[in-house]
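# Next comes the sequence, and after it the predicted model I'd like to discuss.
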Amino acid sequence: MIDVNKLLAQLLYNPSDPVLFNSAFFFYFFAVFLLCYLAVSRSQQGRVWVYTIFSLYFFYKACGFYVGLVVLSAIVDFNLSRWIYNTTSHQVKKSLLIFSIILNIGLLFYFKYTDFFIGIINDVANGHITPLHLLLPIGISFYTFENLSYTIDVYRGEIKPVNRFMDYLFFLSFFPKLMMGPIVRAADFIPQIHQPYRLNGEDIGKGMALIVGGLFKKIVISDFIYQNFVQYIFDDPSKHTGLECLLGVYGYALVIYCDFSGYSDMAIGIARWTGFKIPANFDSPYQSSSITEFWRRWHISLSSWLRDYLYIPLGGNRKGKVRQYINLALTMLIGGFWHGASWNFIFWGGLHGAALAIDKVRIDSQKKRKTERSGFTAGLMKVGGVLLTFHFVCFCWIFFKAATFHDAWSLIHQIVYDFQPGIFIELYDGYAAVFWVMVLGFVLHFLPAKAELKMAGVLGRMPLAGSIAIMVIFIWLLVQVKSTQPMIPIYFQF
């Protein structure tokens, strides 16, 4: 007999067991969703309603009744955007836009930064204000930015507001990208709602390649390296040699990339299977030969959002070189603060902002010189640029990951003053599996894009039964290697 209480416990929100793409519950959820979605696939409104209901339930399973914030945000910005579009007064339009920005940023600020500023006030003014210890609603940073881009685009006259509230709620709550992005623009997404649902071999193959690859990156590479090595290093760097700390930093570079890009790939693949194309969020960022190129390849949806809605409105490169460098630095400082209420994130953003400004000086200088390099010299410079960029990014990851500045500087101190390379053999004996997974991760990362396209093509040419069989076998293999407790994705906290 079915245990009703146990079934209800599975269906209700459990704060200690949020739904994740790599959790067992999600596979059942997704199977039921697909059956319902396919049943109404010929009806545009039917698809919208089914997708929205399942998306809101998915969000409820992830963070409980905070799902109401998504609905409330949708109601507010749906109506404000229509008001902005329909009014003829420029002053009223601007006032409504400012009101929308204040509401959205205010909601994000309240949940994410209140305790941070209470702490500052207490430190500076010797105050005794009690922190609120608010639970951060999952995904609020992502759907706040989507709301803002929507109302700003309507204000600029770049898009027309949607006529039906359910279409906007569907866009905002779309579960594949709701909690960890990518940050999707309404102008890219909403027109796809009205297109008929058609799935071809390319969609099946590309979607499966993204889902399978994303699960592999998240579970086999990221979770394994973090649980078996990286977490021990960052818990207390002072207890480890410099060699261990350096390898821990390299490991974390893989962990955060495979964790976030793996989740993004799964989101894009799931969306592809349901008839929606979401732009890629990562493009092999550690292959970058400059910090400017890195930010074109890393978290692309956030980088482009900051460029279009912050950097350019600040003046971009239109107000002279010095102002451009300041705008770059300020944009990255704010981008760092977006990641979390911590001085570590602000410092991380500041480092990247300063590096982008310096790199811009380099690029401008090269344009003036117009020097031509031979093939060998250009190749050597490319390799050197990749190594330098990678190690700068890794240095910044130390502050991103460390719990405090003290821990970050402690790790750096161990690398500089207590390296002890002689313990490598002993270290290898203890962590051989971890190091080989790290090697595998970097090798896969540096494979040419053609390899992924070829895999997607092979999967796309397979019959449906074969594709299903591959997916089932792959999931079974993942179950054998994954940890008993699914690891919370890193970007859940943002």
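Yep, that arrived.

# Now do the domain split for this protein, please.
Following automatic domain parsing, one finds the domains of the chain at 11-193, 201-487.

# Rebuild these as a markdown table, extending it with mean neighbour count.
Every residue, glycine included, has its C-beta placed from N, CA and C. Formatted as a markdown table, those follow (neighbours: other CB atoms under 10 Å):
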| stretch | mean neighbour count |
| --- | --- |
| domain 11-193 | 17 |
| domain 201-487 | 17 |
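
# mind putting the ones you listed in TSV, mean pLDDT included?
Putting those into TSV (pLDDT from 0 to 100) gives the following:
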stretch	mean pLDDT
domain 11-193	90
domain 201-487	88
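
# Return the residues in contact with the nearest residue in space to residue 58 that is not next to it in sequence.
Among residues not flanking residue 58 along the chain, residue 175 sits closest, at 4.2 Å (CB to CB, 6 or more residues apart in numbering). When contacts are counted by CB atoms under 8 Å, 6 or more residues apart in numbering, residue 175 touches 51, 54-55, 58-59.

# now residue 331
Counted by CB under 8 Å, 6+ apart, residue 331 has contacts 306-307, 310-311, 314, 353.

# Which of the three states applies to it?
Three-state call for residue 331 (DSSP: H, G, I helix; E, B strand; the rest coil): helix.

# ok, the nearest residue to it once chain neighbours are set aside - contacts?
Spatial nearest neighbour of residue 331, chain neighbours left out: residue 311 (4.4 Å); criterion: CB to CB, 6+ apart. Applying CB under 8 Å, 6+ apart to residue 311 gives the contacts 327-328, 331.

# wait, residue 26 sits on residue 20?
Yes: Residue 26 lies in contact with residue 20 (CB atoms under 8 Å); the separation is 6.3 Å.

# ok, back up a step: among the contacts of residue 175, which are in strands?
Judged by DSSP state E, strands contain none of the contacts of residue 175.

# nearest to residue 435, of these?
residue 58 (36.7 Å; CB to CB).

# ok, then the element right after the longest helix seen in the chain?
Ranked by number of residues, the top helix in the chain under DSSP state H is helix 90-125. Sequence-wise, the next helix or strand downstream of helix 90-125 (DSSP states H and E) is helix 140-156.

# Which strands or helices does that following helix pack on?
helix 67-86, helix 90-125, helix 165-173, helix 175-178, helix 186-193, helix 300-306 (3 or more CB pairs under 8 Å, 6 or more residues apart in numbering; DSSP states H and E).

# Check whether residue 275 sits in a helix, strand or coil.
Strictly by three-state DSSP, residue 275 counts as coil.

# what's the nearest residue to it if we skip its chain neighbours?
Residue 275 sits nearest to residue 197 (CB to CB, 6+ apart), 4.5 Å away.

# Now the phi/psi pair for the one you found, please.
Main-chain dihedrals, residue 197, degrees, to the nearest 10: phi -80, psi 110.

# quick one: it and residue 39 touch, right?
No: Residue 197 is beyond contact range of residue 39, at 11.6 Å (criterion: CB under 8 Å).

# which residue sits closest to residue 234, ignoring its sequence neighbours?
residue 401 (5.6 Å).

# Now do stretch 282-297: distance to the chain's middle.
15 Å (CA atoms, centre = their mean, to the nearest Å).

# How about stretch 84-93?
So, by CA atoms, centre = their mean, the centroid of stretch 84-93 is 34 Å from its chain's centroid.

# for stretch 108-122, same thing?
For stretch 108-122, the distance to the chain centre is 23 Å (CA atoms, centre = their mean).

# List of residues touching that stretch?
127-137, 140-141, 144, 340-342.

# how close does residue 362 sit to residue 323?
18 Å (CB to CB, to the nearest Å).

# swap in residue 225?
42 Å.

# before we move on, what about residue 488?
From residue 488 to residue 323 the distance is 41 Å (CB to CB).

# ok, now residue 214?
Residue 214 is 40 Å from residue 323, by CB to CB.

# Contacts only, for residue 159.
Contacts of residue 159 (CB under 8 Å, 6+ apart): 150, 153, 186-187, 190.

# between these, which is closest to residue 35?
residue 190 (25.6 Å).

# List the contacts of the closest one.
159, 162, 167-168, 171.

# now with 6 Å?
162, 171 (CB atoms under 6 Å, 6 or more residues apart in numbering).

# Also the one 4 residues further on?
By CB under 6 Å, 6+ apart, the contact set of residue 194 is empty.

# May I have the phi/psi pair for it?
phi -90, psi 0.

# Not counting sequence-adjacent ones, nearest residue to residue 283?
Using CB to CB, 6+ apart, the closest residue to residue 283 is residue 297 (4.2 Å).

# Surely the one you found touches residue 281?
No: contact criterion CB atoms under 6 Å: residue 297 and residue 281 do not qualify, at 9.9 Å.
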